[in-house]
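Asker: Provide a 3D model corresponding to the input given below.
(chains A and B, ligands or ions: 1)
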Amino acid sequence: MEIARHWRLKEQRYNLTGTVCTKCGEKSFPPRRVCPKCGSETSAPFTFCGRGEVYSFTTIYEAPTGFNETAPYTVALVRLEEGLLVTAQLTDLGNDKPEIGMPVEMVTRRLRSDGDERGMLVYGYKFRPAVV
Amino acid sequence: MTDVIIAGIGQTPVGEHWEISLRSLAVQAIRAAIEDAGGLKPQALFAANVFAPNFSHQAHVGALLVDYAGLAGIEAATFEIGGASGGAALRQAYLAVKSGLVEAALVVGVEKFTDAIGADLETAAATETDSEYEAVHGLTPTAQAALLARRYLHEFNAPAGGLAGFPLTGHINAAGNKNAMYRKAVSLETYQKAEMICEPLNLFDIAPDADGAAAVLLSRRDRLPVDFPHPIVRIAASASVSDTLGLHDRPDPLTFTACQQSVEQALEKAGITREQVDLFEYFDAFSIYAALSLEAAGYAPRGQGWKLAAEGAIARTGQIPCATLGGLKARGNPLGATGVYQAVEAAAQLRGQAGTNQIEGAKVAMIQSLAGPASVAVTHILETL
Ligand SMILES: [Zn+2]
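Answerer: Residues are numbered from 1 along each chain as shown, chains lettered A, B, ... in the order given. Next comes the predicted model:
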């Protein structure tokens, strides 16, 4: 993967910044130019609070390139407080067994190494068990 | 309007064909379909393939295949729509013949997984998800299915192992299909003891990637050879619907909306009800997809699809026979070719050529291929005239 492809996604990846439709108020993550609800093309950036709960999860043992060092790892669909789902890894689980409904919060971690391509590391959001 | 007829069908066994190349595999299926159609010559070839550019370092599959199949000069194109590639190429051929602009069109699906090395497989498979928001987090198609399965079992209080009926039915049916990859029934005990791959999915919940090629030749009724030897099977309807690529972009991931809409459109176009369908070749890339597809197709209420398998309703003698020649799980899943295998198998059922797996009196078959978690669903209805 090219460096530029990851660099231009840094707002989304580090801050969980998506969009809010200025016409109907629909929030989107990933960010969208065209509102999936009303079709409007006017949106503003919107940063999600980063808290939510686990909608579902699974553990991956046979990893694609770039994830071999982290395998096995747990991937989840997280239902954000704003109502949307987001795909991300669960991290800092310690002895906690993940479960559906578990409260989680966003943290920034290394997502993947770029395999043999350029040795580039990619950082972005993961979710850990909510501290409070 | 023109009736679009399945004039010829051809297939190779599904499995690991280390000794056969992509092109040889496809040409075998193409020549078989042409021969089955009494030598009818196509004016267009639509190839379905997903991973040749990755595994075999081969793009332009359509152009390669017309040449090697002895059809040089005719129209050639390749379709990549993930797991729905076969269904999508079939639809393009259907549209071409239905429009009257093409008299005979050949659809060939081919996939060559054994050309892949090591982590190639998972890496390539992950490109079928949203690269920037799913694959970057390490998500794979198998993990997507596992996320759905866990939520499904949780939300609908289905027992662990509640999805077992799907692979078990597939394996029973594959025993009678000489082209199937796994021709052996498996017991519930074997299922329960199988290795966990991506919890809650075990080895038997996941259809095996495989090599294979299948072909169908479509034409108009008035272009069939005079001594055409088979009962006539026509394509009564074709419908293709898309949904979000990313699973997280759906308000309710447990509803396969594209499945639902493409079935509704296909039934309406064919002018029939779902109760008139004699067999349903669903896309059981994962056991959970079979359950969700049956619910989307209206054969079970939300959250109850797994019971159709557990209670025998999808068996060959059941209310809605499914995976009648093994399905993806036991026939094998040569991804881009799978939708074409479904068409070949359904045509064999409607012609009365399904041997020990024949569904008695089958007149209407529905086939459906899915890309990812029904990010695209292509549904066809086939009928005997
Ligand atoms: Zn809007």
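
Asker: need the helices for chain A, in chain order.
Answerer: Listed in chain order, the helices of chain A (DSSP state H) span A:3-7, A:10-15.

Asker: hey, least reliable of these by pLDDT?
Answerer: For the helices of chain A, mean pLDDT drops lowest on helix A:3-7, to a mean of 73.

Asker: which residues in the stretch 101-250 of chain B form helices?
Answerer: B:120-126, B:141-155, B:165-174, B:188-193 (DSSP state H, counting those that start in this stretch).

Asker: if you average pLDDT over the first one, what comes out?
Answerer: Per-region confidence: helix B:120-126 scores 87 on mean pLDDT.

Asker: interface residues of chain A facing chain B?
Answerer: A:5, A:9, A:30, A:36, A:55-68, A:70, A:73, A:75-77, A:84-89, A:100, A:111-112, A:122, A:124, A:126 (CB under 8 Å from any CB of the partner chain). Just so you know, the C-beta spots here come from the backbone N, C-alpha and C atoms, and that holds for glycine as well.

Asker: just the buried ones from these?
Answerer: A:9, A:30, A:55-60, A:62-67, A:70, A:73, A:75-77, A:84-89, A:100, A:111-112, A:122, A:124, A:126 (16 or more other CB atoms under 10 Å in any protein chain shown).

Asker: tell me which other helices or strands the helix or strand hosting B:Arg23 touches.
Answerer: According to DSSP states H and E, B:Arg23 maps onto helix B:22-36. Packed against helix B:22-36 by the contact rule (3 or more CB pairs under 8 Å, 6 or more residues apart in numbering or on different chains; DSSP states H and E) you find strand B:4-11, helix B:61-68, strand B:104-111, strand B:212-220.

Asker: okay if I get these as CSV plus distance to A:Asn15?
Answerer: Shown next, in CSV, are the helices and strands packed on helix B:22-36 (distance: least, CB to CB, whole Å):
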stretch, distance to A:Asn15
strand B:4-11, 52
helix B:61-68, 42
strand B:104-111, 41
strand B:212-220, 46
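
Asker: could I get those as JSON lines with mean neighbour count, distance to chain A and mean pLDDT?
Answerer: Below are the helices and strands packed on helix B:22-36 laid out as JSON lines (neighbours: other CB atoms under 10 Å in any protein chain shown; distance: least, CB to the nearest CB, whole Å; pLDDT from 0 to 100):
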{"stretch": "strand B:4-11", "mean neighbour count": "26", "distance to chain A": "29", "mean pLDDT": "98"}
{"stretch": "helix B:61-68", "mean neighbour count": "20", "distance to chain A": "24", "mean pLDDT": "97"}
{"stretch": "strand B:104-111", "mean neighbour count": "32", "distance to chain A": "19", "mean pLDDT": "98"}
{"stretch": "strand B:212-220", "mean neighbour count": "30", "distance to chain A": "22", "mean pLDDT": "98"}
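
Asker: in a markdown table, list those along with distance to the ion.
Answerer: Converted to a markdown table, these look like this (distance: least, CB to the ion, whole Å):
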| stretch | distance to the ion |
| --- | --- |
| strand B:4-11 | 41 |
| helix B:61-68 | 40 |
| strand B:104-111 | 39 |
| strand B:212-220 | 42 |
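
Asker: of these, which is nearest B:Ala354?
Answerer: strand B:4-11 (11.7 Å; CB to CB).

Asker: CA atoms only for the closest one, dumped as PDB, please.
Answerer: Only the C-alpha atoms of strand B:4-11 are listed here, as PDB (Å, rounded to 0.1, in the frame of the first residue of the first chain):
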ATOM      1  CA  VAL B   4     -33.600 -17.300 -23.600                       C
ATOM      2  CA  ILE B   5     -32.800 -21.000 -23.500                       C
ATOM      3  CA  ILE B   6     -29.900 -22.800 -21.700                       C
ATOM      4  CA  ALA B   7     -28.800 -24.700 -24.800                       C
ATOM      5  CA  GLY B   8     -25.600 -26.200 -23.400                       C
ATOM      6  CA  ILE B   9     -24.000 -27.000 -20.100                       C
ATOM      7  CA  GLY B  10     -20.500 -28.100 -19.200                       C
ATOM      8  CA  GLN B  11     -18.400 -28.400 -16.000                       C
END
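
Asker: so what does it touch, helix or strand wise?
Answerer: helix B:22-36, helix B:85-98, strand B:212-220, strand B:233-242, helix B:335-351.

Asker: so the spatially closest residue to B:Thr244 that is not a sequence neighbour versus the ion, what's the distance?
Answerer: Computed as CB to CB, 6 or more residues apart in numbering or on different chains, the closest residue to B:Thr244 that is not its neighbour in sequence is B:Arg250, at 5.5 Å. Counting by CB to the ion, to the nearest Å, the gap from B:Arg250 to the ion is 17 Å.

Asker: in contact with B:Arg250: list those residues for me.
Answerer: Residues in contact with B:Arg250 (CB atoms under 8 Å, 6 or more residues apart in numbering or on different chains) are A:Leu85, B:Asp243, B:Thr244, B:Thr257.

Asker: and of those residues, the nearest to the ion?
Answerer: Of all those, B:Thr244 has the smallest distance to the ion: 16.1 Å, by CB to the ion.

Asker: would you agree the closest one is in contact with B:Ser375?
Answerer: Yes - using CB atoms under 8 Å, B:Thr244 makes contact with B:Ser375 at a distance of 6.7 Å.

Asker: settle it for me: which of the two has more neighbours?
Answerer: B:Ser375 (25 against 18; other CB atoms under 10 Å in any protein chain shown).

Asker: what's near enough to touch that one?
Answerer: Contacts of B:Ser375 (CB under 8 Å, 6+ apart): B:Gly82, B:Ser242, B:Asp243, B:Thr244, B:Leu245, B:Ala258.

Asker: what is the nearest of those to chain A?
Answerer: Nearest to chain A among these, counting by CB to the nearest CB, is B:Thr244 at 8.4 Å.

Asker: just to revisit the earlier point, so which of the helices of chain A is the most packed in?
Answerer: helix A:10-15 (a mean of 16; mean count of other CB atoms under 10 Å in any protein chain shown).

Asker: which parts of the stretch 251-385 of chain B sit against chain A?
Answerer: Near chain A, when you scan the stretch 251-385 of chain B using CB under 8 Å from any CB, you find B:Pro253.

Asker: and the helices in the stretch 251-385 of chain B, which stretches?
Answerer: Under the criterion DSSP H, counting those that start in this stretch, helices of the stretch 251-385 of chain B are mapped to B:257-270, B:287-296, B:305-310, B:327-331, B:335-351.
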